[in-house]
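>>> Show me the folded form of this:
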Amino acid sequence: MSLIDFSDPHHVNPLEVVERVASTNGWSFERAGEDEITILVTGKWTDYQVSYTWMYDIEALHLACAFEFKVPERWCAETQQLIAMINEQMWVGHFDLWTKDGLIMYRHALVLAGGVEASGRQCEAMLSTALDACERYFPAFQFVVWAGKTAREAIDAAMFDTAGEA
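From the prediction side, this is the model:
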């Protein structure tokens, strides 16, 4: 059997699983068609718009988590350096800067090749991982864009763990 000779297994659209998870948890969501659902989540630092997209042709469930934070053109280079430093430390997912829009986004994909179906727990784990990363590094993006810090200063501040709350 060659790599081209494979059957096209029937897939349950994983967005149906995501929709059930969102409904069960009482999350606000909107289905934008057969291949996309968007969930709105309130975080500690900002609100997040999490979009799950089912990419049937590559059998992957893609997650994109965006937040209200525009990077002015003059801070793009330092922000890209910060993103590179952050991504070096991440095991799952990554951040991107869409320079055209000045938009920072966390992205991750779950490959479901060969007819594998997504579970509710997998979809929740994708969301949890995205929100944890965004919450952890949001202050670093602020340090660069709003405080004019270098990427190194920002990442060092973001990685500083404190115990308790004042």
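
>>> got a pLDDT number for Thr162?
pLDDT, Thr162: 54.

>>> where's Thr53, which helix or strand?
Taking DSSP states H and E as the criterion, the element that holds Thr53 is strand 47-55.

>>> how far away is Pro72 from Ala84?
Distance of Pro72 to Ala84, given as Cβ to Cβ, to the nearest Å: 19 Å. Where C-beta positions appear, they are placed from N, C-alpha and C, glycine not excepted.

>>> which one of these two has more residues nearby?
Using other Cβ atoms under 10 Å, the more surrounded residue of Pro72 and Ala84 is Ala84, with 13 against 9.

>>> Figure out the helix or strand that that one lives in.
Using DSSP H and E, the element containing Ala84 is helix 76-89.

>>> in which helix or strand would I find Lys44?
Judged by DSSP H and E, Lys44 forms part of no helix or strand.

>>> Next, it: phi, psi?
Main-chain torsions, Lys44, degrees, to the nearest 10: phi -70, psi -40.

>>> Quick check: closest non-adjacent residue to it.
Using Cβ to Cβ, 6 or more residues apart in numbering and skipping residues adjacent in sequence, the residue nearest Lys44 is Glu135, 5.6 Å away.

>>> element containing that neighbour?
Counting by DSSP H and E, Glu135 is part of helix 120-145.

>>> after that helix, next one along is what?
helix 151-159.

>>> what number of residues lie near the residue nearest to Lys44?
Neighbours of Glu135 (other Cβ under 10 Å): 15.

>>> Isn't it up against Val41?
No. Using Cβ atoms under 8 Å, Glu135 makes no contact with Val41, being 10.3 Å away.

>>> which residues pair with Phe67 across the strands?
Beta-bridge pairing for Phe67 (DSSP bridges): Tyr48.

>>> Quick one: residues contacting the residue nearest to Gly93 when sequence neighbours are not counted.
Closest residue to Gly93 apart from its sequence neighbours, by Cβ to Cβ, 6+ apart: His108 at 3.5 Å. His108 makes contact with 62-63, 92-94, 126, 129-130 under the criterion Cβ atoms under 8 Å, 6 or more residues apart in numbering.

>>> Which helix or which strand is home to Leu63?
Under the assignment here (DSSP H and E), Leu63 is part of strand 60-70.
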